[in-house]
Every structure is written in C-alpha cells, then in structure tokens.
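Participant: Got a predicted model here, sequence first, then my questions.
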Amino acid sequence: MTAPGWLKPATDWAPLILFFIVNKTHGFLPATAVLIAASIIAAAILWVIERKLPMMPLVTAALVGIFGGLTLWFEDETFVKLKPTIAYLGLGAATLGSLAFKKPLLQVLMGAGLPLTPEGWRVLSVRFGLFFLAMAGLNELVWRTQSTDFWVDFKVFGGIGLTMLFLVTQLPLIRRHSVAQ
C-alpha cells in the first residue's frame, strides 16, 4: 500500500500537538502519558501502512518512551525536559562526527532527494551540527530558567519556528551547491 502524502507529517506532528493540548487542559503528567501513547501509535501506523519504520520515528518513540516513562514513574518533569537536550546533542555529535568518515550523515539520510556537491554536504553538515548543539543549549536554558508551561510552548512552537527559520537560511547554500541531475 502506498502511504498518502499527509501521513508522515501527521505522524510527526500529532504526538507533539496532543502533548501541547493535554498539557494546557490537564497538566504535564497526563500530557506526558498522551505523548508516549501517541508516539507509539504514530510509529505503529507508519509500520502498518508502509511495512517499514523509518529510523527517526523509531528513535523518537524510544526516547519518548524512556524519558516519558521515567517522568511518570518518578513524577518528575525533568526527564521529559532533558529528552530534547539529549536528542539534539546526539544529532549534533552524529552529524559532526560523520564528517570524520568523509560520509556526512545528512547525505546518507537525504542524498537522493537533495543532490549537493561534496563541499555543499560538508558545509551543510557543519551548520546542522552546530544548530543541533545550539538547540540543546537553548533547551537547557529554557527549561532551567522558565516555567513548565513556557517550556512546553517553547518546545512546540519555538523549537519548530527556529528549525524552520534555520532551514530557510540554508536555501542559498543548497542552491549554490546543488548538482543538476
């Protein structure tokens, strides 16, 4: 069965949107339980329809399950608030570390859909790696200095907004290093 075009964005965003809504209406711990359930359901839907599970939804569901489960078990918000930091640090380290092997991780993940010169992949990987590290630092700053409700708003809207802004700023680099197919 061919997956409809809306499936991937829906399974990516639905758990986060539900987390936001339930946090506003019922509080952080119920929102965390919904986030865990929605992440697992989203991964299951992808599996059923596509008969494969892409790496990112699998990793996301695992991290949400672990850190969300610890949050619920200990009734401590810290674990869920640390998850983005750890995920961003891992992405930053993997992205930058892959450059040492002359095979940028971004190229492995997006190469077919984004043909770039080797220099383009190198520069884009450095930028993404540094962006991920900066986002880890920003997540730490926000959750340690602001209220939980502010952190949730930042997680849902600020993180997405900053990521979109970062992506838009990379378009000139992508155009400059694009390879005609």
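Facilitator: Happy to help now that I have it.
Participant: switch to C-alpha atoms for all contacts and neighbour counts from now on
Facilitator: Noted.
Participant: A180: what secondary structure?
Facilitator: Classification of A180 using DSSP: H, G, I helix; E, B strand; the rest coil returns coil.
Participant: which secondary structure elements does whatever helix or strand V48 lives in contact?
Facilitator: Assigned by DSSP states H and E, V48 falls within helix 28-50. Applying 3 or more Cα pairs under 8 Å, 6 or more residues apart in numbering; DSSP states H and E, one finds that helix 28-50 contacts helix 7-26, helix 55-74.
Participant: Which residues does that helix contact?
Facilitator: 1-3, 7-8, 11-12, 14-16, 18-23, 52-53, 57-58, 60-61, 64-65, 68-69, 71-72, 75, 77, 80 (Cα atoms under 8 Å, 6 or more residues apart in numbering).
Participant: Check stretch 130-144 too.
Facilitator: Under the criterion Cα under 8 Å, 6+ apart, residues 81-82, 84-89, 91-92, 96, 151, 154-155, 159, 166 lie in contact with stretch 130-144.
Participant: most residues in a single helix of this structure, which one?
Facilitator: Longest helix in the chain by number of residues (criterion: DSSP state H): helix 118-145.
Participant: just for this structure, where's the confidence low?
Facilitator: 1, 111, 181 (pLDDT under 70).
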